[in-house]
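Q: Okay, structure incoming, though there's no sequence with it:
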């Protein structure tokens with residue numbers, strides 16, 4: 001057992017919270033290793049010179065943050081915090097076919113690269129803009145009013161009507177997620193997600209000291225009964241992707257959304273809905289947030305639909321909810337660069353954005369047809385419309401990580417299911433296959449051929465065990 005004593009000098013707030021903060025700092029800086037047994041409540045109370053009740057509250061706060069855990073009869077220990085598995089680096093994708101990248105969920109670039117042509121045109125127009133000087137000045141944390149108006153217009157494409165004062169202009173969807181989580185949670189809070197979720201959420205939860213709890217899914221997305229059961233643990237926030245869920249590609253049908261909305265209302269949940277792909281679906285169901293507008297925070301994707309390099313996303317809040325977001329938006333980035341927000345706003349208002357979405361939708365459809373041709377029976381069931389990613393279930397003789405490793409040796413990269421699994425959930429035998437990263441369909445065709453050959457080849461034989 002360690003003789004640990006908290007360093008309380010300079011810490012503000014209640015004494016129990018100062019002790020918990022000191023404990024968190026020593027864990028973060030490596031002075032307390034995972035598995036370290038902490039002093040008993042009475043022993044620490046004597047060292048610090050406080051009551052046993054104060055230490056009890058401090059340990060309870062630290063446990064709520066996920067820092068420590070108690071075992072009856074054994075004491076209190078620093079918890080092991082598993083480092084999140086990481087996706088492949090997004091900085092470089094090989095230009096040749098040495099390793100064909102099908103692991104990163106990038107949008108498919110249409111032939112002719114229309115986004116680049118649109119950017120050249122818009123940059124030329126901006127040279128003569130009367131507001132160009134304003135683009136170089138400090139702006140409100142939530143964005144300029146014209147940019148928030150464009151955000152409200154963009155959000156309407158997804159099926160939600162909001163006013164500009166409900167919109168925060170963010171530096172992409174990941175920034176919008178961070179702004180929302182910082183405004184709506186505290187360290188140690190439990191956030192509910194699908195049992196397989198976007199890895200960016202796992203990274204944010206780790207950074208913000210949040211506990212993720214996976215909720216069971218089926219082919220239609222979240223299971224209402226499982227969500228209701230998960231709420232019994234006290235969670236108040238649900239993060240979900242009802243449209244083209246990442247990684248499974250599930251699209252939640254309207255009847256299921258109604259049932260999920262009923263659970264949200266009954267349990268007093270707040271919803272953070274991440275909608276980065278749904279404009280690819282022409283006949284799309286209404287967003288979940290449209291069914292619970294009083295409790296819904298909605299992220300309207302731009303990067304996957306228009307251009308990732310713009311780094312613009314729109315976060316919509318319930319009425320009178322934007323004030324909670326403004327401060328955290330300012331702390332995270334001070335402001336979203338107004339020049340890129342201006343480009344995005346112009347494209348939304350002059351129809352360029354709609355044209356780019358349509359071009360990406362067509363390209364995604366063409367690439368999906370190639371996947372059907374080369375993967376055949378390995379194609380996931382129920383994929384009917386354009387999508388950037390597939391959730392490919394593997395034959396029983398394959399494990400996900402083993403398949404991913406073998407595919408990489410064969411010259412194609414896919415993402416193993418373990419990266420998406422929440423908490424202690426058992427990762428299924430499946431991989432995510434992304435159709436967007438190859439610059440050309442010819443390169444995608446080679447990648448799909450290698451993937452098909454990996455499936456046909458089977459796992460490498462195990463070495464003899466002596």
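A: That came in fine, so what should we check first? Just so we're clear, the structure is a prediction, and the values are computed from it rather than from any experiment. Numbering: from 1, shown residues only.
Q: Tell me which helix or strand comes right after the lowest-mean-pLDDT helix or strand in the chain.
A: In the chain, no helix or strand scores lower on mean pLDDT, DSSP states H and E than strand 68-71, which sits at a mean of 68. Note on strand 68-71: by DSSP states H and E, the next helix or strand toward the C-terminus is strand 75-78.
Q: Can you tell me which helices and strands that next one packs against?
A: Where contact means 3 or more CB pairs under 8 Å, 6 or more residues apart in numbering; DSSP states H and E, strand 75-78 is packed against strand 68-71. Backbone N, C-alpha and C define where each C-beta goes, glycine included.
Q: Give me the below-cutoff pLDDT ranges for this protein.
A: Applying pLDDT under 70 to the chain flags the ranges 1-2, 70-74, 80-96, 332-333, 424, 460-466.
Q: domain assignment for it?
A: 15-78, 100-111+354-457, 114-352 (automatic domain parsing).
Q: Kindly reformat the ones you listed as a markdown table containing distance to residue 4 and mean neighbour count.
A: Output for those, formatted as a markdown table (distance: least, CB to CB, whole Å; neighbours: other CB atoms under 10 Å):
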| stretch | distance to residue 4 | mean neighbour count |
| --- | --- | --- |
| domain 15-78 | 6 | 17 |
| domain 100-111+354-457 | 28 | 18 |
| domain 114-352 | 19 | 20 |
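Q: do you know which of the ones you listed lies nearest residue 9?
A: domain 15-78 (9.5 Å; CB to CB).
Q: what about the strands in the stretch 151-300 of the chain?
A: Using DSSP state E, counting those that start in this stretch, the strands of the stretch 151-300 of the chain run over 167-170, 190-194, 211-215, 217-218, 221-222, 237-240, 270-275, 296-300.
Q: Save those as TSV, and put in distance to residue 260 too.
A: TSV is the format used below for the strands of the stretch 151-300 of the chain (distance: least, CB to CB, whole Å):
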stretch	distance to residue 260
strand 167-170	24
strand 190-194	11
strand 211-215	10
strand 217-218	11
strand 221-222	6
strand 237-240	8
strand 270-275	9
strand 296-300	12
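Q: looking at those, which is closest to residue 35?
A: Nearest to residue 35 among the strands of the stretch 151-300 of the chain is strand 211-215; the distance by CB to CB comes to 19.1 Å.
Q: helices or strands up against the closest one?
A: Using 3+ CB pairs under 8 Å, 6+ apart, strand 211-215 sits against strand 190-194, helix 199-207, helix 224-230.
Q: any idea how far residue 245 lies from residue 291?
A: 17 Å (CB to CB, to the nearest Å).
Q: just residue 433 next, same as before
A: 32 Å.
Q: Kindly report the same for residue 329.
A: In terms of CB to CB, residue 329 sits 26 Å off from residue 291.
Q: Then residue 117?
A: Counting by CB to CB, the separation of residue 117 from residue 291 is 39 Å.
Q: and what of residue 48?
A: 50 Å.
Q: Could you do residue 196 as well?
A: 23 Å.
Q: on that earlier part again, which among the strands of the stretch 151-300 of the chain is found nearest to residue 445?
A: Nearest to residue 445 among the strands of the stretch 151-300 of the chain is strand 270-275 (30.4 Å), distances taken as CB to CB.
Q: Just the residues contacting the closest one, thanks.
A: For strand 270-275, contacts defined as CB atoms under 8 Å, 6 or more residues apart in numbering pick out 158, 173, 177, 180-181, 184, 198, 236-243, 264, 287-289, 292, 295-301.
Q: Just want the angle from it to strand 190-194.
A: On the basis of axes from the mean of the first three to the mean of the last three CA atoms, to 10 degrees, strand 270-275 is oriented at 40 degrees to strand 190-194.
Q: roughly how far out does stretch 346-357 sit from the chain middle?
A: Chain-centre distance of stretch 346-357: 25 Å, with CA atoms, centre = their mean, to the nearest Å.
Q: Need the contact partners of it.
A: Under the criterion CB under 8 Å, 6+ apart, residues 114-115, 118, 122, 125, 150, 153-154, 157, 279-280, 305-307, 344 lie in contact with stretch 346-357.
Q: again with stretch 158-165
A: 145, 148-149, 151-152, 155-156, 275, 278-279, 284, 286-287, 289-290, 293, 298, 300, 316, 319, 322.
Q: so which of the helices and strands packed on strand 211-215 comes closest to residue 130?
A: For residue 130, the closest of those is helix 199-207, at 38.0 Å, according to CB to CB.
Q: from the middle of its chain, how far away would the closest one be?
A: Remark: helix 199-207 is offset 7 Å from the chain centroid, using CA atoms, centre = their mean.
Q: Tell me what angle that helix forms with strand 270-275.
A: Using the same axes, to 10 degrees: helix 199-207 against strand 270-275 is 140 degrees.
Q: Helix 199-207 to strand 211-215, inter-axis angle?
A: 140 degrees.
Q: just checking, what packs against helix 199-207?
A: helix 173-184, strand 190-194, strand 211-215.
Q: can I get these in CSV with distance to residue 24?
A: Listed next are the helices and strands packed on helix 199-207 as CSV, based on distance: least, CB to CB, whole Å:
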stretch, distance to residue 24
helix 173-184, 16
strand 190-194, 17
strand 211-215, 14
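Q: Which of these sits closest to residue 311?
A: Of the helices and strands packed on helix 199-207, nearest to residue 311 by CB to CB is helix 173-184, at 7.8 Å.
Q: and the angle for that closest one with helix 199-207?
A: Orientation of helix 173-184 against helix 199-207 (the same axes, to 10 degrees) gives an angle of 40 degrees.
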